[in-house]
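# Make a model of this:
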Amino acid sequence: MRKYSVNSITTLAFCCAMIDFLTFSYEGFLFPRDRIFHIFISSLIALFFIYVLQYMNNDKIYTRFLLIGFSVYRMVSIYLKFIEYFSTFHGSNKVGITILTAILIITICKFMGDKNYEIYVFFVIFNIVSSMIILILSFNEINIMNLYCNDISFSFKYNKLPIFWELLAIPMFFDNKKDRINSSKKYIIITTSFMIIATLLQGLCVQGNMLYSAPPLQSIMQIFTTDTVRRFDYILTIFQTFNYFGSIMLYTWLIKEIIAKIKGV
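Sure, this is the predicted structure:
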């Protein structure tokens, strides 16, 4: 069993959730109050499943192959989602992202040792810096009255619920039940907190319904796109590219871990 820290797996799982959340485009308008209620409901369901998943038998060979299939599915879906977002809002960069993704996977498989999980600090720094940039640039646009100018109704729909897929991946990295639960809880708490803060920021800065059908990442960035700050949306998308790479790292490591267990290593 390789040694993974709770913080490293939590951080990489957070990167996956951010790609899902920030590039999610809902058909219609999804306003702040509605989104926050759905995030809260989804987090409660997730906290329940954290304890259920601890009893999942990961020693069965068919379970491990299912998890490999799930990991491949997640990697492909994250890749396609990020490619679609980047192509829609910033032009076609499919070839470059595909090449970098392939290089990253090969590097992890061939050259990165057991202690390289400590690279998670790099992703923490980039997320903190990008969040600070967004807060600073949007500060002058914040107006509490904007929240009251938006639709404040609540209409439950299952397709509005964010899904925390990484709850299936996290337990595979730890033999210790306590580490599994701690990492899963941290993942849910940090992820949902970020989602709610980002949603509130969007609600405080955007009046009406002009930007509530766009992905949160694009909507928030458009708040401070002016004549003098025109390309910060592109720069911050580059920051989110590191979350994309963190997502690929998580599932590449997961596949390596499962294969090692299948081989009896």
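# going forward, measure contacts between C-alpha atoms and count neighbours the same way
Noted.
# On the C-terminal side of the worst-scoring helix or strand of the chain on mean pLDDT, identify the next helix or strand.
Lowest by mean pLDDT, DSSP states H and E among the helices and strands of the chain is helix 216-223, with a mean of 67. Next along the chain after helix 216-223, taking DSSP states H and E as the criterion, comes helix 232-262.
# List the buried residues in that next one.
232-233, 236-237, 239-255, 257-258 (16 or more other Cα atoms under 10 Å).
# tell me the mean pLDDT over it?
For helix 232-262, the mean pLDDT works out to 84.
# From the contact counts, what lies against it?
helix 6-22, helix 61-90, helix 94-110, helix 120-138, helix 216-223 (3 or more Cα pairs under 8 Å, 6 or more residues apart in numbering; DSSP states H and E).
# winner for burial among these?
helix 6-22 (a mean of 24; mean count of other Cα atoms under 10 Å).
# Packing partners of whichever helix or strand comes after that helix?
Once helix 6-22 ends, the next helix or strand along the chain (criterion: DSSP H and E) is helix 32-53. With contacts defined as 3+ Cα pairs under 8 Å, 6+ apart, the packing partners of helix 32-53 are helix 177-205.
# Buried residues, the helix it packs on. List them.
Buried, per 16+ other Cα under 10 Å, within helix 177-205: 179-181, 183-188, 191-192, 194-196, 198-205.
# what's the angle between it and helix 120-138?
20 degrees (axes from the mean of the first three to the mean of the last three Cα atoms, to 10 degrees).
# Okay, now the unreliable bits of the chain?
1-3, 25-29, 55-59, 89-92, 112-117, 151, 208-235, 264-265 (pLDDT under 70).
# can you do 50?
Applying pLDDT under 50 to the chain flags the ranges 1, 227-229.
# can you give me phi and psi for residue 161?
phi -80, psi 130 (degrees, to the nearest 10).
# quick one: contacts for it?
38-39, 41-42 (Cα atoms under 8 Å, 6 or more residues apart in numbering).
# Now restrict those residues to buried residues only.
Among the contacts of residue 161, those classed as buried by 16+ other Cα under 10 Å are 38-39, 42.
# Which among the helices and strands packed on helix 232-262 is found nearest to residue 171?
helix 6-22 (9.9 Å; Cα to Cα).
# What sits closest to residue 251 if chain neighbours are left out?
Closest residue to residue 251 apart from its sequence neighbours, by Cα to Cα, 6 or more residues apart in numbering: residue 71 at 5.6 Å.
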